[in-house]
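Novice: the sequence isn't on hand, but the structure is:
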């Protein structure tokens, strides 16, 4: 049975690399272990007590914590894993550097490097990326965003794309609940994500304010937290819609699904994305989606949503108004979105693609 070691920065409910490890562990012929660099115990993570994934917490207090680095080196050198799978920038580069020669290495890149990586991050990644036998991007856009220096030493056939996936069973368990605490009278527009410049919720707040008069029963729910929360709350107040814009802060994953299940339209106004799992989860909840006109979101949404320029408030407002006032259009668009999300992006397909990649490396 092949033994896979996934090295992560930390394990949380919103960490896709952790969800992938869990899905891989569900495959009968794989044994999966996670090294979590910063978590000090299972209790600090989102792992269930009965998880099939083993956790090795290093409890690092900083990036260059000597004890954590020594422990990581020991795990890599002495526990004889068949495949090393790295994910995150610094910790992934550190693991590739310390890995024994001859160990097959798969690296997954999750973000648009041109928008999310600083120069130091690019250089850290580039220093060890050639040690990876395969570099996998979570979208064509992510792959295209790798800087030239990161591609030095990489052949074209070392790079590929495997899309992220979603746990539809987990979503369906929530959708099957008889009642929801998040039901409201009227229509709800929802968005999920860190409150940051990149996620661009300010454009959505302005667009909502523009349609609020035409849709007096509509409400905007912004799920997530981040550095721009106070600024966004102040913007909603200045536009006269603060009493109709809900800021939930951080909520558990199941509650995110409950909010989506009690919503009518989903909006992703991002300025950049690597893939956007939250968007696909909203689609799986049968929500029509209005998204920024970005190449990566065309990869994800296909023809199952509406695209508008990411900073065009009027265009977002127009699409929202069309969906809020036309029940037939909204329901049809939601069904089309759900069909695409569930057929193209189940996490089982993602896990099987990685399983086949591991097998190919081991056979080679």
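Specialist: Thanks, I have the structure now. Predicted model, so just to flag it, every value in this text is computed and none were measured.
Novice: so for the chain, the centremost residue is which one?
Specialist: residue 277 (4.2 Å; C-alpha atoms, centre = their mean).
Novice: residue contacts, residue 134?
Specialist: Going by C-beta atoms under 8 Å, 6 or more residues apart in numbering, residue 134 touches 105, 106, 107, 158, 159, 160, 357, 361. Any C-beta I mention is one placed from the backbone N, CA and C, and that applies to glycine too.
Novice: show me these that map onto helices.
Specialist: Among the contacts of residue 134, the members falling in helices (DSSP state H) are 357, 361.
Novice: and stretch 280-298, how far from the chain's centre?
Specialist: Its chain's average C-alpha position is 13 Å from that of stretch 280-298, according to C-alpha atoms, centre = their mean, to the nearest Å.
Novice: what does stretch 76-83 give?
Specialist: When C-alpha coordinates are averaged (C-alpha atoms, centre = their mean), stretch 76-83 and its chain have centres 28 Å apart.
Novice: got the contact list for that stretch?
Specialist: Outside stretch 76-83, the residues touching it (C-beta under 8 Å, 6+ apart) are 2-5, 33, 84, 95, 98-100, 103-106, 358, 361-362.
Novice: below-threshold pLDDT in the stretch 1-150 of the chain: ranges please.
Specialist: Scanning the stretch 1-150 of the chain for pLDDT under 70 picks out no residues.
Novice: mind redoing it with 90?
Specialist: 1, 12-15, 28-29, 42-51, 78-80 (pLDDT under 90).
Novice: all helices of it, in order?
Specialist: 16-25, 66-78, 89-98, 113-116, 119-128, 140-144, 148-151 (DSSP state H, counting those that start in this stretch).
Novice: next one: the stretch 151-300 of the chain
Specialist: Counting by DSSP H, counting those that start in this stretch, the helices of the stretch 151-300 of the chain are 168-175, 201-212, 229-238, 253-261, 277-284, 295-301.
Novice: so which elements touch the fifth one?
Specialist: What it means is helix 277-284. Contact here means 3 or more C-beta pairs under 8 Å, 6 or more residues apart in numbering; DSSP states H and E; on that basis helix 277-284 packs against helix 168-175, strand 188-192, helix 253-261, strand 265-268, strand 289-292, helix 295-301, helix 327-344.
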